[in-house]
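Q: From the sequence below, what's the structure:
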Amino acid sequence: MAIDPIFWQAVPALFHSAPADRAELILAEGLLPWDQGPGTRFVDELEWEFHEPRPGHVYLSTSSDPVEPDHVVFAVDPRQLDPQRVNPDEDWVSEGSGRFLMGRMFGDGDGTLGEMAEAFGLGDDPQHSRASLEEFGAVAYRGAVPPSAVRLAA
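A: Next comes the predicted model:
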């Protein structure tokens with residue numbers, strides 16, 4: 001699981017949208033994986049079904065737009081993150097890039113996108129993570145994003 005370190009160092013800020021009432025907590029603790037703490041899981045009531053993400057990951061985007069009206073956007077400095085922990089956003093695969101389709105990889109198999117991405121080792125090839133960022137504008141970061149790498153976006 002990785003992305004080319006030279007490519008990664010050239011990536012400008014990435015972004016993460018979260019509810020405004022969690023801003024202080026996120027600035028203090030960093031961005032926690034969606035399933036590991038109160039800082040970033042804002043969709044508790046959502047039924048994930050097929051689209052449940054990978055456990056233990058924080059999702060980052062090139063878009064600085066808030067996901068919901070009550071959200072604020074955090075800028076993340078990629079240079080403070082370990083490129084060995086970067087994975088493709090599995091939604092990139094499910095949306096159907098020219099290179100991969102989740103259905104082709106798994107047929108009609110059971111499981112969520114996150115489970116299938118883990119089982120397949122999506123991201124073992126650094127080109128997958130680079131393509132996810134370049135083609136889809138998003139990546140998944142395995143583990144917490146430290147507070148030193150996070151600030152409120154202007």
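Q: Would you indicate which residues of stretch 135-154 are buried?
A: For stretch 135-154, a neighbour-count test (16 or more other Cβ atoms under 10 Å) marks 136, 138-145, 149-150, 153 as buried. Using the backbone N, CA and C atoms, a C-beta is placed for each residue, glycine as well.
Q: Please compute how far it lies from its chain's middle.
A: Offset of stretch 135-154 from its chain centre (Cα atoms, centre = their mean, to the nearest Å): 8 Å.
Q: what is the mean pLDDT for it?
A: Average pLDDT, stretch 135-154: 94.
Q: Could you export it as CSV, CA atoms only?
A: The C-alpha trace of stretch 135-154 is given here as CSV (Å, rounded to 0.1, in the frame of the first residue of the first chain):
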residue,chain,number,x,y,z
GLU,A,135,-8.6,10.5,-12.1
PHE,A,136,-11.0,10.6,-9.2
GLY,A,137,-9.5,13.3,-7.0
ALA,A,138,-9.4,11.2,-3.8
VAL,A,139,-7.3,8.8,-1.8
ALA,A,140,-7.7,6.9,1.5
TYR,A,141,-5.0,7.3,4.2
ARG,A,142,-4.5,4.3,6.5
GLY,A,143,-4.4,5.6,10.1
ALA,A,144,-5.0,9.0,11.7
VAL,A,145,-3.9,12.2,10.1
PRO,A,146,-1.9,14.1,12.8
PRO,A,147,-3.1,17.5,14.0
SER,A,148,0.1,19.1,12.8
ALA,A,149,-1.0,18.2,9.2
VAL,A,150,-4.6,19.6,9.6
ARG,A,151,-5.8,23.2,9.5
LEU,A,152,-9.1,24.8,8.6
ALA,A,153,-9.2,25.7,4.9
ALA,A,154,-9.6,29.3,4.0
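Q: Tell me which of the buried residues of stretch 135-154 fall in strands.
A: Secondary structure assignment by DSSP state E places 138-142, 150 of these in strands.
Q: ok, those vs Val11, which is closest?
A: Nearest to Val11 among these: Val139, at 9.0 Å, using Cβ to Cβ.
Q: these two touch, right, that closest one and Ser129?
A: Yes. Because the distance of 5.8 Å satisfies Cβ atoms under 8 Å, Val139 is recorded as touching Ser129.
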